[in-house]
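In: Sequence first, predicted model second:
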Amino acid sequence: SADLYNEHEMEMKIKGFSLKKRIKRLARKVIIHNLKAIIVVAEGDYNQTKKWYRTKAKMLQAEYAYNLIEVDDLKNDSKSTIKILAGHEADEACCHKRLFKRLEFCKDKNVEIITILSYPRHNLAYIDDVIITGKHIFGDKFFPVIDWMPYEAYIELLNSIDIAVFEMDIQMGAGNIFNLLYLGKKVYISDKNSIYEQLIKQGMECFSKQEIDPKTFFQPLTDEEKKNNRKKIADELSDSTFKRKWNKVFQL
């Protein structure tokens with residue numbers, strides 16, 4: 001879905017006599033307008049597509065296959081330091097500087113600010129800039145992750161997180177968000193992000209980044225809230241749900 005928003009943003013910037021770009025924009029509008037169906041994770045992305053391109057396509061919801069790690073197989077070591085995940089990739093859309101400013105109140109607390117910057121690997125200048133900013137604000141409490149790790153190790157890292165905050169206003173990082181909710185973590189995302197509306201609609205307990213309050217930020221989810229999120233994510237990403245959703249796609 002990031003492609004949807006990024007392409008539309010670039011289309012809006014087209015000025016002057018740029019024939020090639022204008023032809024591409026027209027072709028994109030015609031193609032999207034006449035699509036038979038659009039497959040989305042969040043309904044909000046379809047609604048935005050319909051608004052921009054007046055498409056005739058019907059909406060189908062389906063996700064990638066996710067391999068959820070059994071929670072009982074993961075270690076939960078007791079610790080006094082609160083680990084905060086701030087962003088999930090080295091992309092400008094994650095708005096790391098704005099995110100770090102939002103979390104600046106945490107710098108005097110017993111925290112670790114963990115930022116995933118291991119992909120995309122080519123964005124080196126942006127990665128360096130994020131690290132410099134993170135170190136400036138949080139000092140030795142800032143921990144950038146710049147090396148790629150196996151999936152199981154990455155899930156172990158997510159399981160060590162207490163609170164995750166995602167600044168991006170477009171639908172990105174769904175896999176991270178799903179896994180964090182499944183693991184019982186407190187998750188803040190933008191209420192402009194279409195995945196937020198989807199999660200709330202499905203009855204999950206997540207929070208808007210716009211509602212971050214230093215007085216309540218560090219309060220964990222209750223056991224009942226964790227259980228509810230885990231069950232709903234497990235149901236949504238189960239093999240049977242995956243099959244049901246994609247059968248509708250292949251039966252078009």
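Out: Looks like it arrived, so ask away.

In: what residues are up against residue 62?
Out: With contacts defined as C-beta atoms under 8 Å, 6 or more residues apart in numbering, the neighbours of residue 62 are 39, 41, 242, 245-246, 248-249. The way it works is simple: take the backbone N, C-alpha and C, and place the C-beta from them, glycine included.

In: Ranking by neighbours, what's the top pick from these?
Out: Of all these, residue 41 has the most neighbours under the rule other C-beta atoms under 10 Å, reaching 19 neighbours.

In: Mind checking which of the contacts of residue 62 are in helices?
Out: Applying DSSP state H to the contacts of residue 62, the entries found in helices are 242, 245-246, 248-249.

In: Could you export the contacts of residue 62 as JSON lines, including distance to residue 136?
Out: Supplementary listing: these in JSON lines, determined by distance: C-beta to C-beta, whole Å:
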{"residue": "39", "distance to residue 136": "42"}
{"residue": "41", "distance to residue 136": "35"}
{"residue": "242", "distance to residue 136": "44"}
{"residue": "245", "distance to residue 136": "45"}
{"residue": "246", "distance to residue 136": "46"}
{"residue": "248", "distance to residue 136": "49"}
{"residue": "249", "distance to residue 136": "47"}
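
In: re earlier: which one of the ones in helices among the contacts of residue 62 is nearest residue 19?
Out: Sorting these by how near they are to residue 19, with C-beta to C-beta, puts residue 249 at the top with 36.0 Å.

In: Make sure residue 164 is indeed in a strand.
Out: Yes. Per DSSP: H, G, I helix; E, B strand; the rest coil, residue 164 lies within a strand segment.

In: isn't it right up against residue 180?
Out: Yes. Shown here, residue 164 and residue 180 form a contact pair, counting by C-beta atoms under 8 Å, at 5.0 Å.

In: Give the intersection of the neighbour lists for these two.
Out: Where contact means C-beta under 8 Å, 6+ apart, the residues bridging residue 164 and residue 180 through contact with each are 85, 187.
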